[in-house]
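Student: after the sequence you'll find the predicted model.
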Amino acid sequence: MVRTPLTPEEHERGERLGRLLREARTENGRTIVEVAAAAGLSAETLRKIETGRAPTPAFFTVAALAGTLGLSLDGLLVQCELMPVVATG
């Protein structure tokens, strides 16, 4: 199965999700290892999501992280809507 390349908007959405998760984690003073373990993930998987290197994590991965961090899935959805990316240069 060939995967369709992500659009710039989809990459941006993944980066935004990663920022939101990282902010929620650091605001509570929790480490990547603590949050990943509580959500049933590896620390490397969480690191990739937070840095945008895994811009399309599975729904259940996001749900586990949201639950662990006390975030609303609805809130994440609203904050991570696809938005047009304007090319610069």
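Tutor: Done, it's in. Numbers count the residues shown, from 1 in each chain.
Student: in stretch 58-68, which residues are buried?
Tutor: By 16 or more other CB atoms under 10 Å, the buried positions in stretch 58-68 come out as 61-62, 64-66, 68. (C-beta placed from N, C-alpha, C; glycine too.)
Student: tell me the spacing between residue 35 and residue 59.
Tutor: If you measure residue 35 against residue 59 using CB to CB, to the nearest Å, the figure is 18 Å.
Student: repeat that for residue 50.
Tutor: Noted for residue 50: a distance of 17 Å to residue 59, by CB to CB.
Student: same question for residue 40.
Tutor: Counting by CB to CB, the gap from residue 40 to residue 59 is 14 Å.
Student: what's the answer for residue 21, then?
Tutor: On the measure of CB to CB, residue 21 and residue 59 end up 14 Å apart.
Student: stretch 68-76: which residues count as buried?
Tutor: 68-69, 71, 76.
Student: please, which helix or strand holds residue 11?
Tutor: Per DSSP states H and E, residue 11 falls inside helix 8-27.
Student: gap between that helix and the chain center?
Tutor: The chain centre lies 5 Å from the centre of helix 8-27; the measure is CA atoms, centre = their mean, to the nearest Å.
Student: quick one: mean pLDDT over the next helix or strand after that helix.
Tutor: Counting by DSSP H and E, the element after helix 8-27 in chain order, helix or strand, is helix 32-39. Averaging pLDDT along helix 32-39 gives 98.
Student: elements contacting helix 32-39?
Tutor: helix 43-51, helix 59-69 (3 or more CB pairs under 8 Å, 6 or more residues apart in numbering; DSSP states H and E).
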